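*Asks:* next come a sequence and a model predicted from it.
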Amino acid sequence: MRWTKDDLTMYLAQRQKQVAVKDDPDQGPEKVLQVKCQKYCKTNGWPCFHDYSKKSNTPGWPDMMIFMDNGRVELIELKAAGGKLRTEQQALHRQLMFLGHKVHVVKSYKRFIQIMKGGDEYVCA
């Protein structure tokens, strides 16, 4: 059988080990979580890109791209308590994982801080 790039991406994403982390979602809208996360990045001197023009850009990109010390880059997808990944997000996250990048789906400020401090054992796409 000959696999396409998409077949391989899907296979590798499904094999990606995911370790559940107890994470109680923050209550309230995603925007509140986003503002707190951006403030944390600014306080630490880390440039953070957030796409504000969703209508004109390619759908699926993570909400935050954070550029940290020593070339470390974190890709963060923020979600409100009941939020779920859209199809476009799932597809792009699989592709990014195929290329070796981690995408974190974050529903709480506590989890965000854990990732920023290097506790990145949970990868979700």
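*Replies:* Yes, it's here.

*Asks:* number of residues surrounding Glu77?
*Replies:* Number of residues near Glu77 (other C-beta atoms under 10 Å) recorded here: 21. Where C-beta positions appear, they are placed from N, C-alpha and C, glycine not excepted.

*Asks:* list the contacts of it.
*Replies:* Shown here is Glu77, whose contacts under the criterion C-beta atoms under 8 Å, 6 or more residues apart in numbering are Pro62, Asp63, Leu85, Gln89, His93, Val103, His104, Val105, Val106.

*Asks:* try 10 Å
*Replies:* 60-64, 83, 85, 89, 92-93, 103-107, 124-125 (C-beta atoms under 10 Å, 6 or more residues apart in numbering).

*Asks:* what lines up beside the longest strand seen in the chain in the sheet?
*Replies:* Taking DSSP state E as the criterion, the chain has its longest strand at strand 73-78. According to DSSP bridges, strand 73-78 forms sheet pairs with strand 64-67 (antiparallel), strand 103-106 (parallel).

*Asks:* where along this protein do the helices fall?
*Replies:* Secondary structure of the chain (DSSP state H): helices at 5-15, 30-43, 87-98, 109-116.
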